[in-house]
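# Next input, structure requested:
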Amino acid sequence: MTHIENIKTLLKQIFVSKKLWSCILIAIVPAMLFYSLSLIGLRSLGFETMEILRDPAQQSGASSFLGFLSNIGIWFWISSAAISFFTILTSASVIKKNFKELFFLTGMLSLLLAIDDFFLIHDRYVHQNICYLTYAVFLGCLFIRHFKMIIAIEGFAFLTAGIFLGLSIFTDLVQSEVPLGYVDVQIIEEGFKFIGAATWLYFIGRAASSPFIFLQKR
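Purely as a prediction, here's the structure:
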């Protein structure tokens with residue numbers, strides 16, 4: 001009976017009604033909908049099922065390290081976005097209001113950069129000047145509205161990230177005028193972006209762990 005009672009207790013702890021429905025409605029159902037709609041939508045556009053499901057390297061037989069540095073850079077953006085939104089969601093009751101806006105802006109900017117890099121938005125779908133202007137607006141809002149907080153948290157990292165990302169954009173815009181080969185220009189441009197993304201992630205991590213963001217206990 002002891003073992004049976006332990007099993008019953010364990011099952012009650014696992015199948016808690018509130019937690020069960022929360023998991024189903026927030027994780028399982030949205031995942032099923034996204035998966036199904038993506039599969040149906042992309043197949044209607046002419047993609048084969050395996051083209052949608054399998055990794056490009058598997059389909060082409062290419063090396064798994066194809067685009068290695070680009071993929072790591074996307075991880076940096078996704079990590080920055082995840083930390084920003086996680087900080088807002090988990091610290092809503094103890095985080096200062098103005099810091100919620102700071103993390104919302106950093107999260108949105110990081111997410112946009114990740115989507116751009118992953119789907120090659122500014123290379124194929126939207127004019128690069130529009131994308132670059134959008135990023136500049138986000139960075140400008142961050143710097144103007146939260147200047148003091150940024151300086152207090154990690155001003156050097158924020159400034160460094162902005163400089164390297166700016167250099168990456170500048171190199172992309174003037175690459176046709178630079179007296180270097182395409183490969184050399186790409187090494188420089190992508191290097192600037194990679195360092196900028198890494199420094200941006202460092203800034204977000206420092207901001208999320210900073211004591212400045214939390215309400216003072218009375």
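
# So, low pLDDT: which residues of this structure?
1, 92-95, 211-218 (pLDDT under 70).

# for it, what spans make up the helices?
2-14, 17-23, 29-44, 49-53, 56-60, 68-90, 97-119, 121-124, 128-145, 147-174, 182-208 (DSSP state H).

# which helices and strands sit right next to the first one?
Helices and strands touching helix 2-14, by 3 or more Cβ pairs under 8 Å, 6 or more residues apart in numbering; DSSP states H and E: there are none. No exception for glycine: its C-beta is placed from N, CA and C like everyone else's.

# Output the helices of the chain as TSV; include the columns mean neighbour count.
Shown next, in TSV, are the helices of the chain (neighbours: other Cβ atoms under 10 Å):
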stretch	mean neighbour count
helix 2-14	9
helix 17-23	10
helix 29-44	11
helix 49-53	12
helix 56-60	11
helix 68-90	17
helix 97-119	18
helix 121-124	14
helix 128-145	14
helix 147-174	17
helix 182-208	18
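
# Residue 102 touches residue 147, doesn't it?
No. The criterion here is Cβ atoms under 8 Å, and residue 102 misses it with residue 147 at 10.8 Å.

# Quick check: neighbours shared by the two?
Counting by Cβ atoms under 8 Å, 6 or more residues apart in numbering, residue 102 and residue 147 have no common neighbour.

# Show me the residue at the heart of the protein, geometrically.
Centroid-nearest residue in the chain: residue 78, 2.4 Å away (criterion: Cα atoms, centre = their mean).

# got a list of what that one touches?
110-111, 114.

# from these, which is closest to residue 69?
residue 114 (14.9 Å; Cβ to Cβ).

# what's the distance between the residue nearest to that closest one when sequence neighbours are not counted and residue 23?
What sits nearest to residue 114 in space, not counting adjacent residues and going by Cβ to Cβ, 6 or more residues apart in numbering, is residue 77, at 3.6 Å. According to Cβ to Cβ, to the nearest Å, residue 77 and residue 23 sit 27 Å apart.

# Now do stretch 147-163: distance to the chain's middle.
Centre-to-centre, stretch 147-163 and its host chain are 19 Å apart (Cα atoms, centre = their mean, to the nearest Å).

# List the contacts of the residue nearest to residue 114.
By Cβ under 8 Å, 6+ apart, the neighbours of residue 77 are 110-111, 113-114, 117, 197, 200.

# again, but for residue 69
190, 194.

# With residue 189 instead?
Contacts of residue 189 by Cβ under 8 Å, 6+ apart are 168, 171-172, 175.

# now do residue 105
Residue 105 touches 138, 141-142, 146, counting by Cβ under 8 Å, 6+ apart.

# If we use 6 Å, what do you get?
residue 142 (Cβ atoms under 6 Å, 6 or more residues apart in numbering).

# now do the one 5 residues further on
Residues touching residue 110, when contacts are defined by Cβ under 6 Å, 6+ apart, comprise 77, 80-81.

# I'd like the distance between the nearest residue to residue 205 once chain neighbours are set aside and residue 166.
Computed as Cβ to Cβ, 6+ apart, the closest residue to residue 205 that is not its neighbour in sequence is residue 83, at 6.2 Å. Residue 83 is 22 Å from residue 166, where distance means Cβ to Cβ.

# What of residue 201?
17 Å.

# And for residue 114?
From residue 114 to residue 166 the distance is 18 Å (Cβ to Cβ).
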